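The following block contains a protein sequence and its predicted model.
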Amino acid sequence: MPTVGVEFAKVSYTLAGGRVLLRDVSLQLEAGTTTALLGRSGSGKTTLLRMVNRLVTPSEGEVLVAGNLTQSGDIVALRRSIGYVIQETGLFPHMTVERNAGMALELAGRSKSEIAKRVHEVISLVGLEYEEFRGRYPWQLSGGQRQRVGLARALATDPTVLLMDEPFGALDPLTRAEMQTMLRDLLKKVGKTVLLVTHDLDEALYLANRVVFLSEGTVVADLSAGEVARSENLHVKDYVSAVHRTVQA
Ligand SMILES: Nc1ncnc2c1ncn2[C@@H]1O[C@H](COP(=O)(O)OP(=O)(O)OP(=O)(O)O)[C@@H](O)[C@H]1O
């Protein structure tokens, strides 16, 4: 039996006014694998992802990380076991790359030498030259470099789970492709349970083992990456044909 890294068990989320954002979602993410969440804007992808690190609490159902209920445990320990990467990076503008990348370790009270060693490792892991970048501020970095630092920061505590919400959404296609290559290589080395929200089908197929499609808060397709192109599921076919629409002269 494969180990389950993250589990959503009959999860629903309803807003105070009664609007249902997620309905009865059940998924088991195998440890060490990458799952991409796709679906139209507003289908509930980010809401589902944020349940893992308890930024959103389900109205019904349960979320488990490494078999532990997220709703009842220690939230600090939970978040330390989860790396979180978002499109805007959320780097502190007044702090250097080194400080930003080591922030979670600093908050965890690790020693200066331990932090320096780990930051060096993760900065190198995301493909940045440590000596060149450690003293720079976020405004002295390109968008791609900022995303690399955001990823380094997320990896600093060596989390078992990595949540990535449109991590490369704001990058040009060339930088984006470089980042995807770097991430794919990195994930082969570090082995994390990854949940990736993306609008980019090619990115999902390149990075993920499994692709889950959401529509109006429910799972409408759950496939291995290899099954997507030949799927007869109408939601999947619609998505694939929208991506591959050819321009008519
Ligand atoms: N706390 C909230 N209060 C009100 N509406 C919310 C709240 N959180 C999310 N929504 C709404 O719920 C819907 C689902 O949002 P969510 O961000 O999960 O979708 P998404 O699939 O990630 O969309 P996108 O691809 O555009 O990021 C959206 O219509 C959003 O505006």
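Thanks, I have it.

what about this protein, any weak spots by pLDDT?
Scanning the chain for pLDDT under 70 picks out the ranges 246-249.

Start from the N-terminal end of it and give the strands.
Applying DSSP state E to the chain gives strands spanning 4-14, 20-30, 34-38, 60-65, 68-69, 82-86, 161-165, 193-197, 210-215, 218-224.

need the contact list for residue 127.
Residue 127 is in contact with 148, 182, counting by C-beta atoms under 8 Å, 6 or more residues apart in numbering. Where C-beta positions appear, they are placed from N, C-alpha and C, glycine not excepted.

For the ligand, which of the strands of the chain is the nearest?
strand 20-30 (4.5 Å; C-beta to the nearest ligand atom).

In the beta-sheet assignment, what are the partners of the residue positioned nearest the centre of the chain?
Most central in the chain under C-alpha atoms, centre = their mean is residue 164, positioned 1.6 Å from the mean C-alpha point. Residues in a beta bridge with residue 164, per DSSP bridges, are residue 85, residue 196.

Surely it and residue 197 touch.
Yes. When contacts are counted by C-beta atoms under 8 Å, residue 164 is listed as touching residue 197 (6.9 Å).

Please report how far residue 86 lies from residue 80.
According to C-beta to C-beta, to the nearest Å, residue 86 stands 17 Å off from residue 80.

just the helices in the chain please.
45-52, 75-80, 97-101, 103-107, 112-125, 130-133, 143-155, 173-190, 201-207, 234-243 (DSSP state H).

Residue 213 is nearest to which of those?
Closest to residue 213 of the helices of the chain, according to C-beta to C-beta: helix 234-243, at 5.2 Å.

Ignoring the adjacent residues along the chain, who's closest to residue 58?
With sequence-adjacent residues excluded and distances taken as C-beta to C-beta, 6 or more residues apart in numbering, residue 58 is closest to residue 11, at 4.7 Å.

Would you agree the one you found is in contact with residue 64?
No. With contact defined as C-beta under 8 Å, residue 11 does not count as touching residue 64 (10.5 Å).

neighbour-wise, which of those two wins?
It is residue 11, of residue 11 and residue 64, that has more neighbours when counted by other C-beta atoms under 10 Å, with 23 against 18.

measure the more buried one to residue 17 for me?
Relative to residue 17, and taking C-beta to C-beta, residue 11 is found at 19 Å.

for residue 169, same thing?
When residue 169 is compared with residue 17 (using C-beta to C-beta), they lie 29 Å apart.

next one: residue 173
Going from residue 173 to residue 17 by C-beta to C-beta gives 39 Å.

of the two, who's got more company?
Just comparing residue 173 and residue 17: by other C-beta under 10 Å the higher neighbour count belongs to residue 173, 9 against 5.

what's around residue 184, how many residues?
Quick note: residue 184 (other C-beta under 10 Å) scores 12 neighbours.

now do residue 8
Neighbour number of residue 8 under other C-beta under 10 Å is 22.

please renumber so the chain begins at 733
Renumbered: residue one is now 733, and that last one reads residue 740.
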